[in-house]
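Student: Dropping the sequence and predicted coords here.
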Amino acid sequence: MTPKNSTPVQLDMINESAPLKASDRTFKKPAKPPTEDCRELLFELEAAGELEVQRVPEPFVEVDTKYGRKKKIPIERTWHHKSCGQCGHIPGYSTAIFWLNRQFDLDYHDPRDQTSCTAWNYYASSTSNPAAQAAVACRNFAQAKLDDYFPLIHCGTSYGHYKEVREELLHHPELRAKVRQILERLGLPFVFPEEIVHYSEWVHVMRNDIAKKQMFDFTNITATVHPACHYHKLVVEDAIYDRDLYDGQRTAIVSGLVKALGAEVADYSTWHDCCGFGFRHILVSRDFSRSFATIRKIERMKIEANPDVTLTHDTGCVTTLDKSQFSTQAHNRNVGIPVMSDAQFAALSMGAHPYLVCQLHWHGVDMKPLLELMGIDHVKAWKEFEGVADHLKDNPEEFLTWEGV
Amino acid sequence: MGLVRNCLLPSDLLYDVPTNIWVRELEGGTVEIGMTDIAQTLAGSIIHCRPKKVGKKVKKGKSVATVESGKWVGPVRSPFSGKIAERNDAVTEDAAILNRSPYREGWIVRIAPDDLGGDRKGLVGVEEAITLYEDYMQEKDLASCIHCAGFEE
Amino acid sequence: MLSLYTDAKYQDVMVEEKQALFDQVTQDMRYPDVLYGCYECGICVAACPSARFYDFSPRVFAQVMAREDVHTFYELLNDSVWDCSQCFSCTCCPRQNNPGAIITIMREVAVNNGLASAKEALQAYSRIIFKVMSTGTQVSPDMLQPDFFPDWGQDVRDVAENLDVWRRAIPPETMHTVELAWDVSEKTRLELYMIWKLTGNLEMIENIDEGLFMILEEVMEELLEEHGYDIDDFDNILED
């Protein structure tokens, strides 16, 4: 347990040529990436007539990834590949992503012709196989191409899984043959996107534009960041790394946004740890998930950083970190950090309604102290929400629309 | 009224213990089926019940309805082969009826059986059901049935 | 041929059976990409969340597979394969092994062969499988019930009590549903069912839960029929 304000003890170097301490070892971008470029392999397959590559539409912004390659992030004409856990249990998360797009008048598509990536089930139960998973992915991608919008993936699990599917398709012609057969049967083209883009990468490239429209002062807010395992560990290369953030040692995602909004990013010793979601565990073996999330993440953050909020960019992580804190509080554990996504955080900074847009009433840990710190009148906001809810109760055929927010 | 570990088993019904179904023979030769008290306890708060359409043919042992709770989804298996004569639309509107009134309001479908006498042989009366359920509940580690507010036989 | 270890389990199971399952794993298309050889550094264990709470070690999986120890493999397949969190933190491996991916393959083998331990591990999970396979979304708002998630807190109770109104109080049109995460079109569901049939996914379910298979098959058959398709026309192409 390291007290927050202690300084490391300085030891004299007895031997000048002694090996570097772990903290002195840095990741240096190699001169040449040690991995192959997926995009080049995709284009080769396209040239061979095997599939079509959907190009990233303009306008796009180029970002650096781990080994220095550039990745294209589309700004608009995005096909929003939604997340089950977000839409089902954290509706403010998906709503915030759409809301942000709308604030910038961006052309986007929210499809009904979309299935889950089904990867949550796949990693939980393995009641599937690579061909089915690849076919599900390619069915979604084919639909996006037919709709003429470029896939933007809302969930970290989907993102990681689709990277895995890409690897498998690129390296196994027999798998491609099966997928082609299935798509032909469905009457769909065999299409794969040039890049697999996560919405948090879009938020990252938009962060300064978001900051320009910021309505609330976040300079007194301290946030800890939790990066999703499936974003930066499963197929490591395809993640944003930025020399200006963590000196390129860790992925820049989410942290970039926090800094752009003027809030403080506080570090903690278990930054690299998983949240404990477990896919199957979060549903049917929750003793593991909440123990891990509490002991290795929340308590560490509390003791070492004492943040006002913890931010992440994945469905499973929001779920695990948020929902784990209720029962562990009953065990007098050191918990009580509000949890939300980068999208909701960005939206709140721009004046999004905490309940009608960010749907914070679906979250577990009390958000009111954080909203007060942000300068948001949550009492007034909740009254407004209750007004809308009462109206909807009396009018069972009606729904809240974008015009209402 | 039969009772096993606080679970109710009406005396005038027949039972298929392994599939947790009760059967009530009606005037006119149709049979009415539903879930037992034990079944509704195991399922927990039931959210959806989707019986098959009227007129559908059913085989013995096959599903006549899907029941979904917060943690479980599964078939309601018919003890009879035959045709669905009637279905209880009330349970499609409010599936909680299956928890509240499993034997009266919570009937799921009425079936016109192909072979009433033959298929009936696979069922047991309340006395034998009590004995079989005692073993069943022991195996499933089920201490007793849970009855929600407003529970009625 | 018995295990090297005196405390080995499942010694009553024929070694041929264990070998057959082992071979299904090593013959999987992905296997050459997931294991290159392990020198027991344990970096994967240090990064692994499951290793902290379960008698589970990604290093052991890599070692056992590399040494082709079919007896210990069979133990892992039954006893600890379901402890893995599938986070892939273990890909920090300096040899670029992927123990998490070894486990994904092993789990598929366990499910395909209908192992009792797989059925038991997935028993409480059946509703999720039904939801994702039949509707195209994994979870739904109406799953937030206090008796399923009592440990998640008061917000679950609030959501369950106000579900209809609170769902209608969300702006995106596609989310105006309580039975699915978002509104999935019928055409898309149809395509999904075709994928499950063509890849043998529906039949896979029969191995672990016969009741679940029954209701899934019925749902799929009904929709396919409504659109003029016969479910039996969609054979598993992976068996070709």
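Tutor: Nice, thanks for sending it over.
Student: Strands of chain B, start to end?
Tutor: Secondary structure of chain B (DSSP state E): strands located at B:2-4, B:7-9, B:14-16, B:21-25, B:31-35, B:46-51, B:57-58, B:63-69, B:73-77, B:82-87, B:109-113.
Student: With chain A instead?
Tutor: A:52-54, A:60-64, A:70-74, A:78-81, A:108-109, A:150-153, A:191-193, A:197-198, A:222-226, A:264-265, A:309-312, A:339-341.
Student: Make CSV from those and add mean pLDDT, distance to residue B:61 and mean neighbour count to it.
Tutor: Yep, even glycine has a C-beta here, placed from its N, CA and C like the rest. Listed next are the strands of chain A as CSV, based on pLDDT from 0 to 100; distance: least, CB to CB, whole Å; neighbours: other CB atoms under 10 Å in any protein chain shown:
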stretch, mean pLDDT, distance to residue B:61, mean neighbour count
strand A:52-54, 98, 48, 19
strand A:60-64, 97, 58, 16
strand A:70-74, 97, 53, 20
strand A:78-81, 98, 41, 26
strand A:108-109, 98, 46, 18
strand A:150-153, 98, 43, 27
strand A:191-193, 98, 44, 24
strand A:197-198, 98, 47, 28
strand A:222-226, 98, 49, 25
strand A:264-265, 97, 60, 18
strand A:309-312, 98, 47, 26
strand A:339-341, 98, 47, 28
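Student: Format those strands as JSON lines; extra columns: distance to residue A:96.
Tutor: Formatted as JSON lines, those follow (distance: least, CB to CB, whole Å):
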{"stretch": "strand A:52-54", "distance to residue A:96": "26"}
{"stretch": "strand A:60-64", "distance to residue A:96": "20"}
{"stretch": "strand A:70-74", "distance to residue A:96": "18"}
{"stretch": "strand A:78-81", "distance to residue A:96": "12"}
{"stretch": "strand A:108-109", "distance to residue A:96": "13"}
{"stretch": "strand A:150-153", "distance to residue A:96": "14"}
{"stretch": "strand A:191-193", "distance to residue A:96": "23"}
{"stretch": "strand A:197-198", "distance to residue A:96": "15"}
{"stretch": "strand A:222-226", "distance to residue A:96": "16"}
{"stretch": "strand A:264-265", "distance to residue A:96": "20"}
{"stretch": "strand A:309-312", "distance to residue A:96": "12"}
{"stretch": "strand A:339-341", "distance to residue A:96": "7"}
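Student: Of the ones you listed, which is nearest chain C?
Tutor: Closest approach to chain C among the strands of chain A is made by strand A:78-81 (9.1 Å; CB to the nearest CB).
Student: roughly how far out does the closest one sit from the chain middle?
Tutor: Using CA atoms, centre = their mean, to the nearest Å, the mean C-alpha position of strand A:78-81 is found 14 Å from that of the whole chain.
Student: Stretch C:180-189 now?
Tutor: Distance, stretch centre to chain centre, for stretch C:180-189: 22 Å (CA atoms, centre = their mean).
Student: Next, the distance between the ends of that stretch.
Tutor: 12 Å (CA to CA, to the nearest Å).
Student: With stretch A:202-217 instead?
Tutor: OK, stretch A:202-217 end separation, CA to CA: 23 Å.
Student: Can you give the contact residues for it?
Tutor: Identification of contacts with stretch A:202-217 by CB atoms under 8 Å, 6 or more residues apart in numbering or on different chains yields A:61, A:63, A:73-75, A:78, A:100, A:103-104, A:152, A:240, A:252-254, A:256-257, A:260-262, A:313, A:342-343, A:346, A:348-351, A:374-376.
Student: Just want the angle from the helix or strand where residue C:221 lies to strand B:46-51.
Tutor: Residue C:221 is part of helix C:210-226, with elements assigned from DSSP states H and E. Angle, helix C:210-226 to strand B:46-51, by axes from the mean of the first three to the mean of the last three CA atoms, to 10 degrees: 50 degrees.
Student: Now helix C:210-226: buried residues?
Tutor: C:211-221, C:223-224 (16 or more other CB atoms under 10 Å in any protein chain shown).
Student: can you check stretch C:107-126 too?
Tutor: By neighbour count on 16+ other CB under 10 Å, the buried set for stretch C:107-126 is C:107-112, C:115, C:118, C:121-122, C:125-126.
Student: Then stretch B:51-71?
Tutor: Buried residues in stretch B:51-71 (16+ other CB under 10 Å): B:51-52, B:58, B:60-61, B:63-71.
Student: ok, residue C:12 - how many residues close by?
Tutor: Residue C:12: 5 surrounding residues under other CB atoms under 10 Å in any protein chain shown.
Student: same question, the one 4 residues further on
Tutor: Neighbours of residue C:16 under the rule other CB under 10 Å: 10.
Student: Excluding chain neighbours, give the residue nearest to the residue nearest to the spatial centre of chain A in space.
Tutor: Centrality entry for chain A: nearest residue to the mean C-alpha point is residue A:313, 2.7 Å, by CA atoms, centre = their mean. Among residues not flanking residue A:313 along the chain, residue A:200 sits closest, at 3.7 Å (CB to CB, 6 or more residues apart in numbering or on different chains).
Student: any idea how far that neighbour is from residue A:207?
Tutor: Distance of residue A:200 to residue A:207, computed by CB to CB, to the nearest Å: 10 Å.
Student: Of these two, which one has the most company?
Tutor: Taking neighbours as other CB under 10 Å, residue A:200 and residue A:207 compare with residue A:200 leading, 28 against 20.
Student: got the contact list for that one?
Tutor: Counted by CB under 8 Å, 6+ apart, residue A:200 has contacts A:231, A:253-254, A:313, A:342-343.
Student: Over to the residue of chain C found nearest chain B. Which of the three states is it?
Tutor: Using CB to the nearest CB, residue C:148 is the residue of chain C that sits closest to chain B, at 3.2 Å. When classified by DSSP: H, G, I helix; E, B strand; the rest coil, residue C:148 comes out as coil.
Student: Nice, that's everything, thank you.
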